[in-house]
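[1] quick one: sequence and predicted model below, then my questions.
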Amino acid sequence: MGVNSMTGFASAQGGQGAHSWSWEIRSVNAKGLDLRLRIPDWLEGLEPFVRATLSKSLARGNVSVSLRMSRSEEGAGPLSVNEGVLASVLQALAQAESAAQSMGVDLKPSSAADLLALRGVLEQAAVQDDPAPLVATLKGEFLTILADLSAMRAAEGEELLKVLSRQTGAVEQLSLTATQLAEARKPHMAEVLRANLQRVLQNSDGIDPDRLAQELALIAVKSDVTEEIDRLGAHVRAVRDLLEAGGPIGRKLDFLMQEFNREANTLCSKSQSSDLTAVGLELKAVIDQMREQVQNVE
């Protein structure tokens, strides 16, 4: 199971009998699965099918599906005269002619073509055909364009996997560099700790022994970055496990990016070394780049 992107697009056109149509489906990033469907209501059963199929096939993404239908004139019903409208038109025409004659005005004779051209006189009967065969065809075609969309999301996911793997390697290398710098600074930190200890002891008259022990422990903790570096290594292993497993891992990766950032921030605040701070800042930059990529992962 690979890594999928949430971004994709697919479209298709088709026709059957007097009907023609065009499908369009696109997906972008989202926290969950958000479906927005524009499907004609008269295609009974199609929208529930599309919704259920998308819900089974996709885990995350803002997915928009649009189906535009049209019907050719060849599929239209026969023309017929609306007798009610025609009677109203003839009555109005007779009244107009009578009024004109009484005033000595001559009107141009009206032809049948003139009457038929009036709105509502001539109607085209609608053909009531069974939509079931058309819906069946559209369902099959939707499965095809959904496969196209999934293929595009999978292809982009492969590229995301490459980028994230490379960035994870960069975090690991920077963590190793931080380990080396932390080890190299130990003699200096020991001197700093001794100086801080001496200062505390000189000002410890009347201080409770438990409070003194807490202060000494706090000094040691503030200078030790071992736990932060160890946790960075654990997070690197967790990211690699997720990338290898694949599937809908975007939310888990996003959580790990937050943990990465937390450790990098703490490393910078506790570094007491310009070199170690520089590594921490570089870590933060790589982690920010990873987080941008993770936002695209399903």
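    Perfect, I can see it now.
[2] on the three-state scheme, the residue of the chain positioned farthest from its centre is what?
    For the chain, the C-alpha farthest from the mean C-alpha position belongs to residue 104; by CA atoms, centre = their mean, that distance is 74.7 Å. Recorded secondary structure, residue 104: coil (DSSP: H, G, I helix; E, B strand; the rest coil).
[3] so what touches stretch 156-166?
    2-5, 7-8, 239-240, 243, 253, 290, 293-294, 296-298 (CB atoms under 8 Å, 6 or more residues apart in numbering). Quick note: C-beta positions are derived from backbone N, CA and C, even for glycine.
[4] cutoff 10 Å now
    2-8, 150, 239-240, 242-244, 246, 250, 253, 286, 289-290, 292-294, 296-298 (CB atoms under 10 Å, 6 or more residues apart in numbering).
[5] where helices are concerned, which of those count?
    Taking DSSP state H as the definition of helices, the contacts of stretch 156-166 contribute 150, 239-240, 242-244, 250, 253, 286, 289-290, 292-294.
[6] nearest to residue 180 among those?
    For the ones in helices among the contacts of stretch 156-166, the closest approach to residue 180 (CB to CB) belongs to residue 286, at 17.5 Å.
[7] and the closest residue to the closest one other than its chain neighbours, what does it touch?
    Spatial nearest neighbour of residue 286, chain neighbours left out: residue 170 (5.0 Å); criterion: CB to CB, 6 or more residues apart in numbering. For residue 170, the contact set (CB under 10 Å, 6+ apart) comprises 282, 283, 285, 286, 287, 289, 290.
[8] count residues in the vicinity of the closest residue to residue 254 other than its chain neighbours, would you?
    Residue nearest to residue 254 in three dimensions, not counting chain neighbours: residue 294, with 5.4 Å by CB to CB, 6+ apart. Using other CB atoms under 10 Å, residue 294 is surrounded by 22 other residues.
[9] host element of the residue nearest to residue 286?
    Assigned by DSSP states H and E, residue 170 falls within helix 132-184.
[10] pLDDT of that helix, averaged?
    Averaged across helix 132-184, pLDDT comes to 95.
[11] show the pLDDT at the residue nearest to residue 249 when sequence neighbours are not counted.
    Counting by CB to CB, 6+ apart, residue 242 is the residue found nearest to residue 249 once chain neighbours are left out, at 4.6 Å. With respect to pLDDT, residue 242 has a value of 97.
[12] who are the contact partners of residue 242?
    Applying CB under 10 Å, 6+ apart, the residues near residue 242 are 3, 164, 168, 249, 250, 252, 253, 256, 297.
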